[in-house]
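In: Structure, please.
(chains A and B)
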Amino acid sequence: MLTIEAKTRQCGKRKDGGVYLVGGTFQSAEGTLLPFSLISPPIPYPAGVHRNARIVNGDAILEKLPLNEWWFGSSKATEDKKLGDAWAIDIFGMPIAKRIGMGECARVKTADDAMEVLVGKVKFDSKPLLSHLRSLAENRVSEITRVALAYNKLHEHILAYTRTGDVRNLIHAQAAVWQIADRLPPSKRDQYTYDLAGILTRLGLVRDAGVLIRSFSN
Amino acid sequence: MIPSVLMTVGRQYYTLAGFIDEAKEMGVSKRIPTTSIPEGLVPGMSKIFIAHPDAIVKVTAKGKRLADLVRVVLGETYVSPDYAPYWEQEDIQPNEVVPDHMLSITYAFSKLPAEERAKLTVEYGLDFHMGVIGYTYFEGVQFVMPEGAEDLPKDAKHIQPLIDSGYVQPVHIVYVD
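Out: As a prediction, the model looks like this:
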């Protein structure tokens, strides 16, 4: 076993049982590695702090290629999945794995097929739908912090549909309904599930409405 | 292609200058979760890239410009007349133009006393962004054996194959300060 002489760092001493990635310490057998090299100006990295080491293509970073070209190996698979999930949550209100095989999409096997089914079924039953939307507003669903963003999206897409008639807004609206249901605290579900299911019904997605009630009623 | 890794530094442990100074003196030693050890790194060839959340700064206060901040933290001689205009969207992307002196600016800023940093942050409406500030060459993955232990602890048994293959090296640390 190797014994290493070290100085205490600002972040403290190394923890027993910890695993460390090490570089530039001049303790390699070769003893010839370069110390820390600065990148000036810094290369923007639009991300939050993360504890894990992301596997990257270093050349893609140094060439300032788009972020999605930085990832490599398992980190690429993780980022691709994140992108896929983000897309699915925007379009379906849930991950693809959950959407296919459920409700209106019970018989489909791919995201493309699920989208085709939803586009084919979705409709806008104006008066009762707006009544459920009003009921959500009156019951102050937008004041529940975790739900506010999805509720605003629902509102915006319904309004956009009434202005433009663009069916994509109805797809986004049904996704927002699922997101609201998913983010509601369990204690609040009974209060809002009926209106959420009502909106799905008035969007032409009756089977989804049934699944929503079964999944989110207490 | 030889894989590298990208890691971030938390500002609660290191200011930008604090990290850079230490990395230049002592190299980089970054703890990672025992459950996600990146495989395939090549000693001496893979790089460990480091990003810090205070690497890039945007001046957002009305009537203030980056040049004004540079004048305060670096001095008149560093002021460049042709700083590129800032990106407009909230998140800055890797291919955005970042002023040449940016690392000198943020490095010098992070060396100021905390009170002065706080004052300037408000006065200039400073908005900090994560940026990759440098890299070092990967030397190895080390597992710190608990003092007196000869065998791997129970909760680290899953890394035994990586130790057997030589990819992860068990070490004892002796502190000299």
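In: going forward, measure contacts between C-alpha atoms and count neighbours the same way
Out: OK.
In: buried set for the longest strand along chain B?
Out: In chain B, with assignment by DSSP state E, the single longest strand is strand B:126-144. For strand B:126-144, the buried set under the neighbour-count rule, 16 or more other CA atoms under 10 Å in any protein chain shown, comprises B:126, B:128-144.
In: I'd guess A:I43 is in a helix, am I close?
Out: No: assigned with DSSP: H, G, I helix; E, B strand; the rest coil, A:I43 falls outside any helix and is strand.
In: Could you give the bridge partners of it?
Out: B:V132 (DSSP bridges).
In: Report the contact partners of it.
Out: The contact partners of A:I43, taken as CA atoms under 8 Å, 6 or more residues apart in numbering or on different chains, are A:61-62, A:64, B:94-95, B:98, B:131-133.
In: from those residues, which is closest to B:S165?
Out: A:I61 (29.8 Å; CA to CA).
In: number of nearby residues for the nearest residue to B:Y137 once chain neighbours are set aside?
Out: Nearest residue to B:Y137, sequence neighbours excluded (CA to CA, 6 or more residues apart in numbering or on different chains): B:K47, at 4.4 Å. Residues contacting B:K47 under the criterion other CA atoms under 10 Å in any protein chain shown number 25.
In: Check B:H129 and give its pLDDT.
Out: With respect to pLDDT, B:H129 scores 95.
In: Verify the stated contact: it with B:A51.
Out: No: the pair B:H129 / B:A51 is not scored as a contact, 10.0 Å apart, by CA atoms under 8 Å.
In: Give me the common contacts of those two.
Out: A:Y45.
In: Quick check, the residue nearest to B:Y137 in contact with B:G140.
Out: No: look at B:K47 against B:G140 with CA under 8 Å: they stay out of range, at 10.8 Å.
In: Quick one: residues contacting the residue most central in space within chain A.
Out: With distances taken as CA atoms, centre = their mean, A:A86 lies nearest the centre of chain A, 3.7 Å away. Contact analysis of A:A86 by CA under 8 Å, 6+ apart lists A:P95.
In: Is it in a helix, a strand, or coil?
Out: helix.
In: what does the model give it for pLDDT?
Out: pLDDT at A:A86 comes out at 78.
In: Buried residues in the lowest-mean-pLDDT helix or strand in chain A, which are they?
Out: Sorting the helices and strands of chain A by mean pLDDT, DSSP states H and E puts helix A:73-92 at the bottom, at a mean of 78. Buried residues in helix A:73-92, counting neighbours by 16+ other CA under 10 Å, are found at A:75-76, A:79, A:85-86, A:88-92.
In: Run through chain B and note the low-pLDDT ranges.
Out: Chain B contains residues with pLDDT under 70 at B:84.
In: Which stretches in it count as strands?
Out: Using DSSP E, strands in chain B cover B:4-8, B:28-32, B:47-59, B:126-144, B:168-175.
In: How about chain A?
Out: A:2-6, A:19-23, A:37-44, A:54-56.
In: So what touches the second one?
Out: Read that as strand A:19-23. Counting by CA under 8 Å, 6+ apart, B:27-34, B:48, B:136-144 sit against strand A:19-23.
In: circling back to that earlier point, could you identify which of the strands of chain A has the lowest mean pLDDT?
Out: strand A:2-6 - the lowest mean pLDDT of the strands of chain A, at a mean of 84.
In: Would you tell me whether that one gets close to chain B?
Out: Yes: using CA under 8 Å from any CA of the partner chain, strand A:2-6 reaches chain B at A:2-6.
In: just checking, B:G44 touches B:S4?
Out: No: B:G44 is beyond contact range of B:S4, at 10.8 Å (criterion: CA under 8 Å).
In: Between these two, which is the more surrounded one?
Out: Neighbours were counted for B:G44 and for B:S4 using other CA under 10 Å; B:S4 has more, 28 against 19.
In: Straight-line length of stretch A:136-146, end to end?
Out: Start to finish, the residues bounding stretch A:136-146 are 15 Å apart (CA to CA, to the nearest Å).
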